[in-house]
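*Asks:* Take this sequence and fold it.
(4 chains)
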There are 2 protein chains.
Amino acid sequence: MPLSDALVRKLRSIGDVSDETAAALAELPMRHAELARDEEAATDGAPTDSCCLLIEGWMHRQKLVADGGRQILAFNVAGDIPDLQSLHLKHMDHSLVATTRCRVAFIAHETMRDLVHSRPEIGDLLWRDSLIDAATFRTWILMMGRQPAIKHLAHLMCELFVRSATVGLSDGNSCPVPLTQEQLSDALGLSLVHTNRSLQELREQGLIAFDGRRLAILDWPRLSDMAEFDPTYLHLREREDFDPAAPLDRH
Amino acid sequence: MPLSDALVRKLRSIGDVSDETAAALAELPMRHAELARDEEAATDGAPTDSCCLLIEGWMHRQKLVADGGRQILAFNVAGDIPDLQSLHLKHMDHSLVATTRCRVAFIAHETMRDLVHSRPEIGDLLWRDSLIDAATFRTWILMMGRQPAIKHLAHLMCELFVRSATVGLSDGNSCPVPLTQEQLSDALGLSLVHTNRSLQELREQGLIAFDGRRLAILDWPRLSDMAEFDPTYLHLREREDFDPAAPLDRH
DNA sequence: CGCCTATTTGATCTGATTCAAACAATGTGG
DNA sequence: CCACATTGTTTGAATCAGATCAAATAGGCG
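*Replies:* Residues are numbered from 1 along each chain as shown, chains lettered A, B, ... in the order given. This is a model prediction of the structure:
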């Protein structure tokens, strides 16, 4: 499959992309690369001149504090452009890191700018994508500030599964989630020990199965209920109430 | 002063706005309104058809959880368009509320869309503004997840002061911060009691003065140091290290 | 096998919450 | 202009969710 397929699939999950525009995306000049686990694609504080399109594998964004603590801000899957914001913010305010070994393609800002100006349709859609990014941050803030650990963890699992399923990365009720418990902790703002115990609680309640590679949703109604998961914030292209059992619209 | 002055000042704090574009902004058709304290300008889950430009007073964005808890996601001051995201996300994923009584102007999405398409310069700048919004959320996530209450509070005070100063709302080392301790708590994700004690600690250390109306920065170096405040995330128009004592570039 | 990374368990501690009440400030109507 | 109601702040005491410390166990992999 063409390398930009992941991108088109992603964009079609949040809006309309004409075949013509999809073809234009496939033609974009980009520099392909493979990143090792923990390799940085962009560094906090550094200037940037291109955006990183994630083609395969997982990435995450993170910030560090003085005492050595790390906060993970988001996880990204194939089709995402995790540092799209760099198009208009020339300096990184966080780092972009390969969670797993992954394949990426760097697209020069100049190329991106020409694209969004010559095709307002795609410009608006990318803007929309960056706004959904922000909506996701808002939801994380809510979970961090006003929910206990177990609900927060349940919510993250819901998010990761829905986002994966939406771009065709799920298989029935399960999807890849290649995260260590330490990475989960740093995303949730919890200690490793407490994250471990919260995970065990979700398992004991029969809500999920998770082994550091794959996540399986065992009881979506109870899991999403416990998490107070409302997918509105993902602003997916009109699809009523999300049901992971339902066949996905795969284009 | 023309009502769009606050907007132009805000946009000039993050990028270049030609006088011609500023004139175009002043001509935009908008519906003016006055909001009472706690009045909602946009409601979580509801569809939208206009953006809200804040002209005078403070607003904030919030989400609620089932047990009645509230999380404040951001505070907004004059010149901000707090629900700019609604331009491309048709349903609100949070509410926009008047923190104080305030003056606003609603600009129809149609008007906004024509503007950004006819003047890519302003479109890019608004996109940039929404990206700075997201960068602010990222920083909040970091503070919530990996910093203790007192540092988080100190950081919020730094942010509110810098953002106010940047758009000319500060007076020397102080600026209006019309927030109750309950609102601060809901922004920090802390209890009212703990917020109160953290505030007292900042006061006792001689870092700030705050009475629910105004915030005075008494020792910027020590305050910003304790908060690990790095204004990079605000992506202000090139101005080196922020120094609240320095005269502001007022255009 | 043996090393390294990741997960799990146990015990203890603490930052922050909750509950409860006093106190201060602000505003309102008589 | 005072009395009273309401909202916001402060204090104290008890409790708890989650952190920290320490060590054991389990997987992967060269």
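*Asks:* Surely residue A:59 touches residue A:78?
*Replies:* No. Counting by C-beta atoms under 8 Å, residue A:59 stays clear of residue A:78, with 9.8 Å between them. To be clear about C-beta, it is placed using only N, CA and C from the backbone, and glycine gets the same treatment.
*Asks:* Name the nearest residue to residue A:213, sequence neighbours excluded.
*Replies:* residue A:178 (5.7 Å; C-beta to C-beta, 6 or more residues apart in numbering or on different chains).
*Asks:* Check whether that neighbour really touches residue A:56, as I assumed.
*Replies:* No. The pair residue A:178 and residue A:56 does not pass the contact test of C-beta under 8 Å, sitting 11.6 Å apart.
*Asks:* How confident is the prediction for residue A:246, by pLDDT?
*Replies:* You'll see residue A:246 listed with a pLDDT of 54.
*Asks:* same deal with residue A:236?
*Replies:* 96.
*Asks:* element containing it?
*Replies:* Secondary structure from DSSP states H and E places residue A:236 outside every helix and strand.
*Asks:* Surely residue A:50 is in contact with residue A:105?
*Replies:* No. Using C-beta under 8 Å, residue A:50 is not in contact with residue A:105; the gap is 9.4 Å.
*Asks:* so what sits against both of those two?
*Replies:* Both residue A:50 and residue A:105 are contacted by residue A:31, under the criterion C-beta atoms under 8 Å, 6 or more residues apart in numbering or on different chains.
*Asks:* so residue A:90 touches residue A:50, yeah?
*Replies:* No. The pair residue A:90 / residue A:50 is not scored as a contact, 11.7 Å apart, by C-beta under 8 Å.
*Asks:* Look up the closest residue to residue A:33, ignoring the ones flanking it.
*Replies:* residue A:104 (5.5 Å).
*Asks:* Sorry, wrong one. I was asking about residue A:177.
*Replies:* Distances taken as C-beta to C-beta, 6+ apart place residue A:215 nearest to residue A:177, at 4.0 Å, with adjacent residues excluded.
*Asks:* quick one: the one you found is in a strand?
*Replies:* Yes. Assigned with DSSP: H, G, I helix; E, B strand; the rest coil, residue A:215 falls within a strand.
*Asks:* Compute the number of surrounding residues for it.
*Replies:* 22 (other C-beta atoms under 10 Å in any protein chain shown).
*Asks:* And the pLDDT for it?
*Replies:* 98.
*Asks:* Quickly list what it is bridged to.
*Replies:* With DSSP bridges applied, the residues forming beta bridges to residue A:215 are residue A:175, residue A:210.
*Asks:* ok, now how distant is it from residue B:185?
*Replies:* 34 Å (C-beta to C-beta, to the nearest Å).
*Asks:* can you list the domains in chain A?
*Replies:* Following automatic domain parsing, one finds the domains of chain A at A:5-134, A:147-234.
*Asks:* centre of the chain versus the longest one, how much separation?
*Replies:* When you say that, I think you mean domain A:5-134. A distance of 10 Å separates the centroid of the chain from that of domain A:5-134, by C-alpha atoms, centre = their mean, to the nearest Å.
*Asks:* Show the contacting residues for the residue of the stretch 151-251 of chain A found nearest chain B.
*Replies:* Nearest to chain B, among the residues of the stretch 151-251 of chain A, is residue A:189, at 2.7 Å (C-beta to the nearest C-beta). Going by C-beta under 8 Å, 6+ apart, residue A:189 touches A:71, A:144, B:141, B:144-146.
*Asks:* on that earlier part again, neighbour count winner among residue A:90 and residue A:50?
*Replies:* The neighbour count for residue A:90 versus residue A:50, taken as other C-beta under 10 Å, is higher for residue A:50 (20 against 14).
*Asks:* and the more buried one, bridged to which residues?
*Replies:* Going by DSSP bridges, residue A:50 is paired in beta bridges with residue A:108.
*Asks:* Distance of it relative to residue B:28?
*Replies:* Distance, residue A:50 to residue B:28, using C-beta to C-beta: 34 Å.
*Asks:* other SSEs contacting the longest helix seen in chain A?
*Replies:* Using DSSP state H to define each element, chain A has its longest helix at helix A:120-146. Judged by 3 or more C-beta pairs under 8 Å, 6 or more residues apart in numbering or on different chains; DSSP states H and E, the packing partners of helix A:120-146 are helix A:5-14, helix A:19-27, strand A:70-76, helix A:109-118, helix A:149-166, strand B:59-64, strand B:70-76, helix B:120-146.
*Asks:* can you rerun that using 7 Å?
*Replies:* Applying 3 or more C-beta pairs under 7 Å, 6 or more residues apart in numbering or on different chains; DSSP states H and E, one finds that helix A:120-146 contacts helix A:5-14, helix A:109-118, helix A:149-166, strand B:70-76, helix B:120-146.
*Asks:* Mind checking these for the one nearest to DNA strand C?
*Replies:* Set against DNA strand C and scored by C-beta to the nearest atom of the strand, the helices and strands packed on helix A:120-146 come closest in helix B:120-146, at 9.7 Å.
*Asks:* Check which residues of that closest one are buried.
*Replies:* In terms of neighbour count (16 or more other C-beta atoms under 10 Å in any protein chain shown), helix B:120-146 has its buried residues at B:121-146.
*Asks:* same deal with stretch A:13-22?
*Replies:* So for stretch A:13-22, counting by 16+ other C-beta under 10 Å, buried means A:13-15, A:17, A:21-22.
*Asks:* Which residues does that stretch contact?
*Replies:* The contact list for stretch A:13-22 (C-beta atoms under 7 Å, 6 or more residues apart in numbering or on different chains) reads A:8, A:11, A:119, A:121-122, A:125, A:128-129, A:132, A:166-167, A:235-237.
*Asks:* In a markdown table, list those along with distance to DNA strand D.
*Replies:* A markdown table is the format used below for the contacts of stretch A:13-22 (distance: C-beta to the nearest atom of the strand, whole Å):
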| residue | distance to DNA strand D |
| --- | --- |
| A:8 | 32 |
| A:11 | 33 |
| A:119 | 43 |
| A:121 | 43 |
| A:122 | 39 |
| A:125 | 37 |
| A:128 | 33 |
| A:129 | 31 |
| A:132 | 27 |
| A:166 | 28 |
| A:167 | 26 |
| A:235 | 28 |
| A:236 | 29 |
| A:237 | 34 |
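*Asks:* Nearest to residue A:152 among those residues?
*Replies:* Set against residue A:152, the nearest of the contacts of stretch A:13-22 by C-beta to C-beta is residue A:132 (19.9 Å).
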